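structure here, sequence nowhere to be found:
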């Protein structure tokens, strides 16, 4: 008998019939002798509906009040799911964030979890009940309702699993796990049975929508074994089979497994990127901060940053950022930064994509980067920017080459072979 | 400067535009120098939508979980209304039932308020903020979410006004106040400027939909001056004018006012009634309890009860009840009671209505009942049952005579004259 935290995304609870299926699945795990805590998201579309309603009142909704409104989506789902479990004869009880309580900081709409009081949930588990806990929400130290931001229910589930020292956190979603590449781009993409926490973190940061990055960080920090698996399978799939499905995020590389493991775990592509270049800035100390400081102050995350070799005392600085942030960043640079630093020009380019290879095996194999660059060059794909970490190499290329780059890299690193 | 609690019903906050109008009205009262606490209901239709969703999962929804779901309706409205106030530059902050906190008993879906902690709200008022408090909801002693039942937001508002010792509780609704009769039946019906707490209580118990009966009880118990007024007027109507509109519920009859006051304050009709008669029961002690005990145990409220004069040691017992409860009551009487008490028969009649006259003046005037009965007799309306209290006389008549009875009584007691 083990303790499992199961998170179900918005699509998995998107209708009354789907909520019933989730209840059947939970009941099956209970029947197999496991203790289960369930964390559902809001029904798909509901959070967007609530935010749209708020924006009809205030174009820039007050963050505290937006959280009051947005948190009701999950509150409805926990009640419905608890009812569906009761209807199947499974003892269950719903909890909002404040009832648990899930304590966060006060950063409304993007709060971070500080602590979870698991005492009440332990009482339920001891009494044979399934606690159904609202994802995405918490309260701050002054009893204000907070939300964790998009995808926050993943973080709620992993944090609950950490607090309860659960044996596994299962993230049910509408994909079958983590793949070596996006199957819509590369038909030969394979599901990974295991992926290390570090690899998953890189993949999440590369925009893989499977898991929210903060939930992966949480899983890593508290060493919560986390499995991504499909909620679209038959709810009555035997527990033995379901418990081996999906992709398990592990924390140490099993030396035995590593022997058989490919050097690269996956190829990821991120399209919603843009590139900004600040031309001919004086190459002197503090110039990068003068450019990127105001961008960070505006809450804009930048990703890859490249500064050219200085030429005649001036240089070019380029960086990538989310495409949606580009107009705001351009405005800041043109109006606030350019008059100040006296650069020649600021230009933006929305026609780019970032393609990355990720793998723990990279650490012990030389020449991976060279192989990647050669492969792209052979296809005539120009590399605009490069960024590397210990287990990842990313290149920025022209957007139209995205699919081609993914496919050739998937092949050259043998990802299509088991 | 006074402290006012304003309650806005579901229709008054039924759309984004109407929420903006409520905000404008609240802002106007703030500008006139008053402290305001606002209690909105859920947007019209929302509570029904949520309950219907719950019933798709469970035909008889679990009461605890139903409250978790149903309470989200008001939670959305408080957030939207607080935003609308902020948008107008009015400092505002929303509160759910648990945030205030509104402590209730544990009777889910029909909980009663035990206490309200007004400390946090006082802090907001001192800081010049408008607290926007969710009506209809609270928490019990174990932090479970409770709701107060239909119309519960009226009770929330009056209870808040009592806790804050507010100068007035204003119940904004879609009628202009309390009338001498239903204006749809009697075109000459007039708005009452004042009505006593006792009269209002009788009117509420007669099914007048203006105020929920429990809110009137609360107003009476804590002597909260409560005004029923329209939210359909121009939001910019001057405060001096608005503060004299509607109907004010008072607690002592001003002797001066009483001189000019009509004997009768209003005529009320209630149609959703049914009558059950238990025929030829042995007239012995305990027989009324044997019949009505099982009915009460089933949670069915009976209203008028009449027992005939005994004849040959047996009698008939009739009572009225809500029409919706009749099938259930008939089943109990036929299956559980009849075999036990050996009555001749049990019959039900759904074609009845109850018409009542209410007025404090009745206490000091003899012959009011006689005048009522004579007036109905002159119109050929047969009286089936009679029930009286100190300030009310009700008669049960055939339903088709309802409008006629209301009109002739309205006229004979001079209610059409100011």
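Received it, and whenever you're ready, just let me know what you need. As the structure is a prediction and not an experimental result, all values here were calculated from the model.

how many neighbours does residue A:404 have?
Neighbour count for residue A:404, taken as other Cβ atoms under 10 Å in any protein chain shown: 16. The way it works is simple: take the backbone N, C-alpha and C, and place the C-beta from them, glycine included.

ok, residue A:277 - contacts?
Going by Cβ atoms under 8 Å, 6 or more residues apart in numbering or on different chains, residue A:277 touches A:316, A:317, A:318, A:346, A:347, A:348, A:349.

show me what it is bridged to.
The partner list for residue A:277 in beta bridges (DSSP bridges) reads residue A:318, residue A:347.

ok, it to residue A:290 distance?
Using Cβ to Cβ, to the nearest Å, we find residue A:277 at a distance of 15 Å from residue A:290.

about what we covered before: now, of the contacts of residue A:277, which are buried?
A:316, A:317, A:318, A:346, A:348, A:349 (16 or more other Cβ atoms under 10 Å in any protein chain shown).

surely the second one touches residue A:305?
Yes: with contact defined as Cβ atoms under 8 Å, residue A:317 reaches residue A:305; the gap is 7.4 Å.

return the closest of the buried ones among the contacts of residue A:277 with respect to residue B:16.
The closest of the buried ones among the contacts of residue A:277 to residue B:16 turns out to be residue A:348 (Cβ to Cβ; 35.6 Å).

for the closest one, give me its contacts.
Contact partners of residue A:348, counting by Cβ under 8 Å, 6+ apart, are A:274, A:275, A:276, A:277, A:326, A:329, A:330.

same check, this time on residue A:292
Residues in contact with residue A:292 (Cβ under 8 Å, 6+ apart) are A:302, A:305, A:319.

one more: residue A:345?
Listed by Cβ under 8 Å, 6+ apart, the contact set of residue A:345 reads A:278, A:279, A:280.

could you pull up phi and psi at the nearest residue to residue A:57 once chain neighbours are set aside?
Spatial nearest neighbour of residue A:57, chain neighbours left out: residue B:83 (4.5 Å); criterion: Cβ to Cβ, 6 or more residues apart in numbering or on different chains. Residue B:83 adopts backbone torsions of phi -60, psi -40, taken as degrees, to the nearest 10.

what is the burial count for residue B:83?
Neighbour tally, residue B:83, other Cβ under 10 Å: 30.

kindly report the same for residue A:333.
When neighbours are counted by other Cβ under 10 Å, residue A:333 registers 21.

ok, residue A:69 next?
28.

on that earlier part again, contacting residues around the residue nearest to residue A:57?
For residue B:83, the contact set (Cβ under 8 Å, 6+ apart) comprises A:54, A:57, A:58, A:61, A:62, A:65, A:66.

what of residue A:223?
Residue A:223 makes contacts with residue A:251, as judged by Cβ under 8 Å, 6+ apart.

does it count as helix, strand or coil?
Classification of residue A:223 using DSSP: H, G, I helix; E, B strand; the rest coil returns coil.

just for chain A, where's the confidence low?
Along chain A, segments meeting pLDDT under 70 span A:205-209, A:252-262, A:418.

and it, which residues reach chain B?
Contact residues, chain A versus chain B (Cβ under 8 Å from any Cβ of the partner chain): A:16, A:19-20, A:50, A:53-54, A:56-58, A:61-62, A:64-66, A:68-69, A:71-72, A:75-76, A:78-80, A:82-84, A:86-87, A:93-94, A:96, A:98-99, A:143-145.

for ChimeraX, what selects the buried ones among the residues you listed?
Selection of buried members from the residues of chain A next to chain B for ChimeraX, criterion 16+ other Cβ under 10 Å:
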select /A:16,19,20,50,53,54,56,57,58,61,62,64,65,66,68,69,71,72,75,76,78,79,80,82,83,84,86,87,93,94,96,98,99,144,145
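
among the residues of chain A next to chain B, name the ones in helices.
If you go by DSSP state H, the residues of chain A next to chain B have A:16, A:19-20, A:50, A:53-54, A:56-57, A:64-66, A:68-69, A:72, A:75-76, A:78-80, A:82-84, A:86-87, A:98-99 in helices.
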